[in-house]
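Undergrad: need coordinates for the below:
(chains A and B)
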Number of protein chains: 2
Amino acid sequence: MRLAIKEAQKAEMIDEVPIGAVIVKDGKVIARAHNKKESKNQATRHAEIEAIEKATKKVNNWWLEDCDIYVTLEPCAMCAGALINSRLRNIYFGAYDKKAGCCGSLYNLPVDVRFNHRLGVEGGILEEECASLLTNYFKKKRK
Amino acid sequence: MRLAIKEAQKAEMIDEVPIGAVIVKDGKVIARAHNKKESKNQATRHAEIEAIEKATKKVNNWWLEDCDIYVTLEPCAMCAGALINSRLRNIYFGAYDKKAGCCGSLYNLPVDVRFNHRLGVEGGILEEECASLLTNYFKKKRK
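TA: Here you go, the predicted structure:
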């Protein structure tokens, strides 16, 4: 999660909402990414999607077996769906997103037994640190 | 929806699961796309994501205001989330997806008032035609 926080800080440096993601397989980091929504001008380019596409290129397989993702913020519906589609094993996230989170807050999509794949979900890891990245960013923005 | 079906047929020609999507703004088609999951080797490259990213480039704005999307199959969680994130106005789809659909079957994410954007949802348009594209494709595959 420390690495995901570093990624979030990179997002902030390019004036993106600071959210970072890292994908790990067999104890090795295979992808690091951050939110690129504004710089790529695409609503789809959340940190998780960026990380999934990088990891897939790295292992040359869209089926991200035995891979875990660490994200600083609870994934939205799109990203929770992408985690399921790419068959990740576990999702670990930092801050909860009470307004849009779909890994425990509004829904918990990755654990729904009706889908053809499920993930282990654990939230609240380095929660305060991950949350303060966001609150500080928005505080500065409002000034 | 006829154009979305044509897109689905293009997917089949490159041995992809035949799903197509079209985005319309002010009566004009601004994006046509089909499923490219296997050809791009990315679990994220569903027809809807391809169409959203093309439409965004076309209008040079990730906020797809007053845009409607036509898809041959009910969107999954990832794509339903992407429709919300990109602020599309309406989603019209053909066949229902009882196993993974998140626009009426398992969930109906685009109408959830807790999200910061909602879409109009209408399913079952040219349903038989859209569904038979898929059933015929999988029948051939099994042979």
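Undergrad: what does chain A put close to chain B?
TA: A:37, A:41-44, A:46, A:49, A:52-53, A:56, A:60-64, A:76-82, A:84-87, A:99-100, A:102, A:106-107, A:109, A:112, A:114-116 (CB under 8 Å from any CB of the partner chain). Heads up, the C-betas are built off the backbone N, CA and C, glycines and all.
Undergrad: list buried residues within the residues you listed.
TA: A:37, A:42-44, A:46, A:49, A:52-53, A:56, A:62, A:64, A:76-82, A:84-87, A:100, A:102, A:106-107, A:109, A:115 (16 or more other CB atoms under 10 Å in any protein chain shown).
Undergrad: now do the lengthiest helix in chain A: everything it contacts.
TA: Among the segments of chain A that qualify as a helix by DSSP state H, the longest is helix A:127-142. With CB atoms under 8 Å, 6 or more residues apart in numbering or on different chains as the test, helix A:127-142 has contacts from A:1, A:4-5, A:8-9, A:12, A:17-19, A:72-73, A:93-96.
Undergrad: inside strands: which ones of those?
TA: A:T72, A:L73, A:F93, A:G94, A:A95 (DSSP state E).
Undergrad: re earlier: buried ones in the longest helix of chain A, by neighbour count?
TA: In helix A:127-142, counting by 16+ other CB under 10 Å, buried: A:C130, A:A131, A:L133, A:L134, A:Y137.
Undergrad: what's the most distant pair in those residues?
TA: A:C130 and A:Y137 (11.6 Å; CB to CB).
Undergrad: I'd assumed A:S39 was in contact with A:I14.
TA: Yes - using CB atoms under 8 Å, A:I14 is in contact with A:S39, at 5.7 Å.
Undergrad: in chain A, where is pLDDT below threshold?
TA: Low-confidence segments of chain A (pLDDT under 70): none present.
Undergrad: for the residue nearest to A:G120 when sequence neighbours are not counted, what are its contacts?
TA: Using CB to CB, 6 or more residues apart in numbering or on different chains and skipping the chain neighbours, the partner closest in space to A:G120 is A:N90 (4.1 Å). A:N90 is in contact with A:D68, A:I69, A:L119, A:G120, A:V121, A:E122, counting by CB under 8 Å, 6+ apart.
Undergrad: how close does A:N90 sit to A:V24?
TA: A:N90 sits 9 Å away from A:V24, taking CB to CB, to the nearest Å as the criterion.
Undergrad: repeat that for A:E48.
TA: Distance, A:E48 to A:V24, using CB to CB: 14 Å.
Undergrad: how about A:K98?
TA: A:K98 is 27 Å from A:V24, by CB to CB.
Undergrad: okay, those two: which has more neighbours?
TA: Neighbours per residue, other CB atoms under 10 Å in any protein chain shown: of A:K98 and A:V24, the larger number sits with A:V24, 19 against 11.
Undergrad: now the more buried one, what are its backbone angles?
TA: phi -120, psi 130 (degrees, to the nearest 10).
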